[in-house]
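Undergrad: quick one, structure for this:
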Amino acid sequence: MTIDRVEAHDRALAVHWADGTTTTYPYLFLRDNDLEGFHPQTKERQFDLLSVPVDLGAASASIDGGSVTIHWNAGGQGRSVLSEAWLRAHRPGTRSSDPSDIEVKVWDAGYADSIPRTTAAALASNQDVFLTWLLDTKRSGLSIVSEIEDDEGAGVALGERIGFLRRTNFGLTFRVETIPDPNNLAYTSHALPLHTDLPNQEMPPGYQFLHCLRNGAEGGASVFADAYMIAEKVRRKDPEAFGLLTSIPIPYRFHDEQHDIRVHRPMIGLDERGRVFDVRYSAHLTDSFDMPAGIMGEYYAAYRLFMAETRSPENIVTFKMEPGQMVVFDNRRVLHGRTAFDPLTGHRLLKGFYVDRGEFDSRIRMLAR
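TA: Numbers count the residues shown, from 1 in each chain. Purely as a prediction, here's the structure:
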């Protein structure tokens, strides 16, 4: 698509493309994105938007080779040159291309045999395989990596290839095993209902990595469900209930002898396009509801509707991890839990850590280059 002609209007530039379409660019937008206003090394904007008038106008505009040159009126500080490629990629109302912005694939119990799988050796030897694995993990929110060394640092090293690990009040990494005097249900042998980790944080961790080192105890199967799928089921069954879950902030709290971390947020977060983007669901870290009594009954009904879907076998994937396997899942999408196990019959040990969504997406973009 090439430019046929341009027209300078009072407040905007009209670009007429050879395919017959026209794009209107406000002058302030074009002046604000003049490449001369960015630092040549850091690529950060240095241009001061307040240095030009709000009613900025153009004296003239012309096509020069593969670029458009705009001569500004008084106060606009000279001229700006914008390439045809930049104008095509930054048409107002069009999102810039982003390799990490992919369609998600929601799933239910039937997904058990379709979970993306790869090996540590394959990820180590081929960058294309690594990128495919990242995209598959983001698309479904869950993947399994096998044949990881019997070393607590081996899984961590894989996570660090993606980006910085997220430190929480449990540390940079954590060991999931039974311990005396536990400060979290994960450190017991009890069954863990499906949940997301750390909904009490201002920003809960993104992707969680759980590397299985030992799993000889009877029981202790891992359980997963797609909260995006569950949320959409609630939306279809009861739109008003869905509206409550996406709009009413509820309290989350974790507290022990060293920490007391609390936040109020809706259980389901939507993005700017109305899609489910963020789920905070943890019955054991949800504090006492504190919304007005007049809405509490309706909210409890909505909350129970979501909870009931987390117990439905048609939504749940269950399997027992083997030593050398690591599950990777989007903690703000995929609910996880486990069945109870008997610690007297064997040792169960998982090494865990988090990598935030931003780091995950950044690595996708870098590899996609």
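
Undergrad: going forward, measure contacts between C-alpha atoms and count neighbours the same way
TA: Will do.

Undergrad: need the phi and psi values for T137.
TA: Backbone geometry at T137, expressed as degrees, to the nearest 10, gives phi -70, psi -40.

Undergrad: quick one, domains of this protein?
TA: 3-89, 109-368 (automatic domain parsing).

Undergrad: which of those sits most buried?
TA: domain 109-368 (a mean of 18; mean count of other CA atoms under 10 Å).

Undergrad: thought A225 was touching V334, still the case?
TA: Yes - assessed by CA atoms under 8 Å, V334 is found in contact with A225 at 5.8 Å.

Undergrad: on that earlier part again, among the domains of the chain, which comes closest to S100?
TA: The closest of these to S100 is domain 109-368. By CA to CA, the value is 5.5 Å.

Undergrad: contacts only, for the closest residue to R348 other than its chain neighbours.
TA: Spatial nearest neighbour of R348, excluding adjacent residues (CA to CA, 6 or more residues apart in numbering): N215 at 4.3 Å. Contact analysis of N215 by CA atoms under 8 Å, 6 or more residues apart in numbering lists 321-323, 346-349.

Undergrad: in JSON lines: the residues you listed, plus pLDDT.
TA: Compiled in JSON lines, these are given as follows (pLDDT from 0 to 100):
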{"residue": "M321", "pLDDT": "97"}
{"residue": "E322", "pLDDT": "97"}
{"residue": "P323", "pLDDT": "97"}
{"residue": "G346", "pLDDT": "93"}
{"residue": "H347", "pLDDT": "93"}
{"residue": "R348", "pLDDT": "94"}
{"residue": "L349", "pLDDT": "95"}
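
Undergrad: now, which of these lie within strands?
TA: 348-349 (DSSP state E).

Undergrad: what segments of the stretch 201-350 of the chain are helices?
TA: For the stretch 201-350 of the chain, the helices defined by DSSP state H, counting those that start in this stretch cover 227-237, 239-247, 293-311.

Undergrad: just the CA coordinates for the longest one, please, in PDB.
TA: The one in question is helix 293-311. Extracted in PDB, the C-alpha atoms of helix 293-311 (Å, rounded to 0.1, in the frame of the first residue of the first chain):
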ATOM      1  CA  ALA A 293     -25.200  -6.100  53.000                       C
ATOM      2  CA  GLY A 294     -27.700  -5.200  50.200                       C
ATOM      3  CA  ILE A 295     -25.400  -6.600  47.500                       C
ATOM      4  CA  MET A 296     -23.800  -9.400  49.500                       C
ATOM      5  CA  GLY A 297     -26.500 -12.000  48.900                       C
ATOM      6  CA  GLU A 298     -26.300 -11.500  45.100                       C
ATOM      7  CA  TYR A 299     -22.500 -11.500  45.200                       C
ATOM      8  CA  TYR A 300     -22.400 -14.800  47.200                       C
ATOM      9  CA  ALA A 301     -24.700 -16.400  44.500                       C
ATOM     10  CA  ALA A 302     -22.300 -15.200  41.800                       C
ATOM     11  CA  TYR A 303     -19.200 -16.300  43.700                       C
ATOM     12  CA  ARG A 304     -20.700 -19.800  44.300                       C
ATOM     13  CA  LEU A 305     -21.600 -20.100  40.600                       C
ATOM     14  CA  PHE A 306     -18.000 -19.600  39.700                       C
ATOM     15  CA  MET A 307     -16.800 -21.900  42.500                       C
ATOM     16  CA  ALA A 308     -19.200 -24.600  41.400                       C
ATOM     17  CA  GLU A 309     -17.600 -24.600  37.900                       C
ATOM     18  CA  THR A 310     -14.200 -25.100  39.500                       C
ATOM     19  CA  ARG A 311     -15.600 -28.400  41.000                       C
END
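
Undergrad: okay, now the sheet partners of the helix or strand hosting L13, with direction.
TA: Taking DSSP states H and E as the definition, L13 sits inside strand 12-17. With DSSP bridges as the test, strand 12-17 is paired with strand 3-8 (antiparallel), strand 22-26 (antiparallel).

Undergrad: which other residues reach the longest one?
TA: Outside strand 3-8, the residues within contact range by CA under 8 Å, 6+ apart are 13-18, 58-63, 84.

Undergrad: the last one too?
TA: If you take CA under 8 Å, 6+ apart as the criterion, strand 22-26 is touched by 11-17, 91-92.

Undergrad: pLDDT-wise, what's the bottom of the residues you listed?
TA: For the contacts of strand 22-26, the weakest pLDDT value sits at R11, with 93.

Undergrad: got the contact list for it?
TA: Per CA under 8 Å, 6+ apart, neighbours of R11: 26-27, 55-58.

Undergrad: hang on, the earlier thing: which outside residues touch the strand holding L13?
TA: Contacts for strand 12-17 (CA under 8 Å, 6+ apart): 1-8, 22-27, 57.

Undergrad: try 10 Å
TA: Strand 12-17 has contacts (CA atoms under 10 Å, 6 or more residues apart in numbering) with 1-8, 21-30, 56-58, 60-61, 68, 70, 84, 87-88, 91.

Undergrad: repeat that for stretch 42-62.
TA: 5-14, 26-29, 31-39, 68-77, 79-81.

Undergrad: which two from the contacts of N215 end up farthest apart in space?
TA: For the contacts of N215, and using CA to CA, no pair is farther apart than M321 and G346, which are 14.0 Å apart.

Undergrad: quick one on the thing from earlier: can you tell me which of the contacts of N215 is nearest D361?
TA: For the contacts of N215, the nearest to D361 is M321 (26.5 Å; CA to CA).

Undergrad: check contacts around that closest one.
TA: 144, 146, 210-215, 220-222, 327, 350 are the contacts of M321 under CA under 10 Å, 6+ apart.

Undergrad: that'll do, ta.
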